[in-house]
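Colleague: Here you go, sequence then predicted model.
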Amino acid sequence: MALFKFRIIDKHETQEFNEDGQLICMPNGEWALFNFALETSETVIISFRSYVLFDSEGNPKECTKVYLSDGSYLFAVNKFDTFEKNYLENYIPLFAE
């Protein structure tokens, strides 16, 4: 069991119940920064690429889009080069035996 931690960009969510009584979460507001921890025995990073997000005023924010083995993706705060360095120095060694 090993955690790989990094900062992500995401939106806060508003929780609502649908007509079936199921809780649904809807993204709300501007992009915000969050901490994220990935349990490497459950889900792994399969690829990542440079990406740009835009706020409501059209301002660009460079980041890295990180694809996970469960089919989801995240937006890492760091630009590609910084995320790659963190990946090589801190993520890959988690798998060394």
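Modeller: Structure received. This one's a predicted model, so the numbers in the text were calculated from it and none came from an experiment.
Colleague: contacts for stretch 89-97?
Modeller: 2, 4, 40, 45 (Cβ atoms under 8 Å, 6 or more residues apart in numbering). C-beta coordinates here come from the backbone N, C-alpha and C atoms, glycine included.
Colleague: If the spatially most central residue of the chain is in a bridge, with which residues?
Modeller: Of all residues in the chain, the one closest to the mean position by Cα atoms, centre = their mean is Leu74, 2.5 Å from it. Counting by DSSP bridges, Leu74 is bridged to Val66.
Colleague: rewinding a little: quick check on the contacts of stretch 89-97: which are buried?
Modeller: In the contacts of stretch 89-97, burial by neighbour count holds for 4, 45, counting by 16 or more other Cβ atoms under 10 Å.
Colleague: any chance of the contacts of stretch 89-97 in JSON lines, plus distance to Thr82?
Modeller: Putting the contacts of stretch 89-97 into JSON lines (distance: Cβ to Cβ, whole Å) gives the following:
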{"residue": "Ala2", "distance to Thr82": "21"}
{"residue": "Phe4", "distance to Thr82": "15"}
{"residue": "Thr40", "distance to Thr82": "20"}
{"residue": "Ile45", "distance to Thr82": "15"}
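Colleague: Report the two of the contacts of stretch 89-97 separated the most.
Modeller: Using Cβ to Cβ, the contacts of stretch 89-97 span at most 12.6 Å, a distance reached by Ala2 and Ile45.
Colleague: Surely the residue nearest to the centre of the chain and Phe34 touch.
Modeller: No: here Leu74 does not reach Phe34: they are 9.5 Å apart, not a contact under Cβ atoms under 8 Å.
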